[in-house]
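# sequence and predicted structure, then a few things I'm wondering about:
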Amino acid sequence: MDLAAQPTFRAATREDVPALVTLIESAYRGDASRAGWTTEADILEGQRTDPEGVLAVIEKADSRLVAVESAGELVACCQLEHRGPHAYFGMFAVRPALQGAGLGKQIIAEAERFARDEWGVAEMHMTVISVREDLIAWYERRGYTRTGQTSPFPYGDERFGQPTRDDLEFELLTKRL
């Protein structure tokens, strides 16, 4: 990807599912994910998502899976879901070799703009695995606040991976738009 090129954003389609699954898996799981800094390979093994899960996000009402392209190549994605007065941000993945170059900042800014301008929401919510201090710090630098509200990790549900530790939970982060 030419980092000087402006990325383009579009709604993902069912035809994008295989490429999206590959992208998401590459950003979070296995040795390939270690090329970037968002890897979860040290805390989770197995899959991060599957074709059915990605398609469900694409087809869900009040949901948008954003495909981010540069020079015609899929380089990143994120999920936005309209939940009444706020939007939920998730399934955020950037190709590992492109992480750390500012693309993630552009994507989150566009996601916030879309949620505010298209859906009229005043707040963005996301959940992050609480032991991911480096990732939480990145979101804090973008204006997100830790709420202290946690929810349990779905231990035993291999659709979300196989934990290598027993202290995983999700923490809610929020940002006023």
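Yep, that arrived. Residues are numbered from 1 along each chain as shown.

# show me where this structure has its strands.
Under the criterion DSSP state E, strands of the chain are mapped to 8-11, 44-45, 63-70, 73-83, 86-94, 123-129, 145-152, 162-163, 169-176.

# state the distance from the residue lying closest to Leu20 once chain neighbours are set aside to Arg83.
Leaving aside its chain neighbours, Leu20 sits nearest to Val54 (5.1 Å; criterion: Cβ to Cβ, 6 or more residues apart in numbering). All C-beta atoms are positioned from the backbone trio N, CA, C, and that covers glycine. Between Val54 and Arg83 the distance is 19 Å, computed by Cβ to Cβ, to the nearest Å.

# and the two? Which one has more around it.
Using other Cβ atoms under 10 Å, the more surrounded residue of Val54 and Arg83 is Val54, with 24 against 14.

# quick one: low-confidence ranges for this structure?
1-5, 33, 36 (pLDDT under 70).

# what sits up against the top helix by length along it?
Longest helix in the chain by number of residues (criterion: DSSP state H): helix 103-119. For helix 103-119, contacts defined as Cβ atoms under 8 Å, 6 or more residues apart in numbering pick out 1, 3, 7, 9, 64, 66, 68, 75-76, 78, 80, 82, 87, 89, 92, 94, 121-122, 124, 138, 142, 175, 177.

# distance from the chain centre to that helix, please.
12 Å (Cα atoms, centre = their mean, to the nearest Å).

# now the angle from it to strand 63-70?
Put simply, helix 103-119 runs at 140 degrees to strand 63-70, going by axes from the mean of the first three to the mean of the last three Cα atoms, to 10 degrees.
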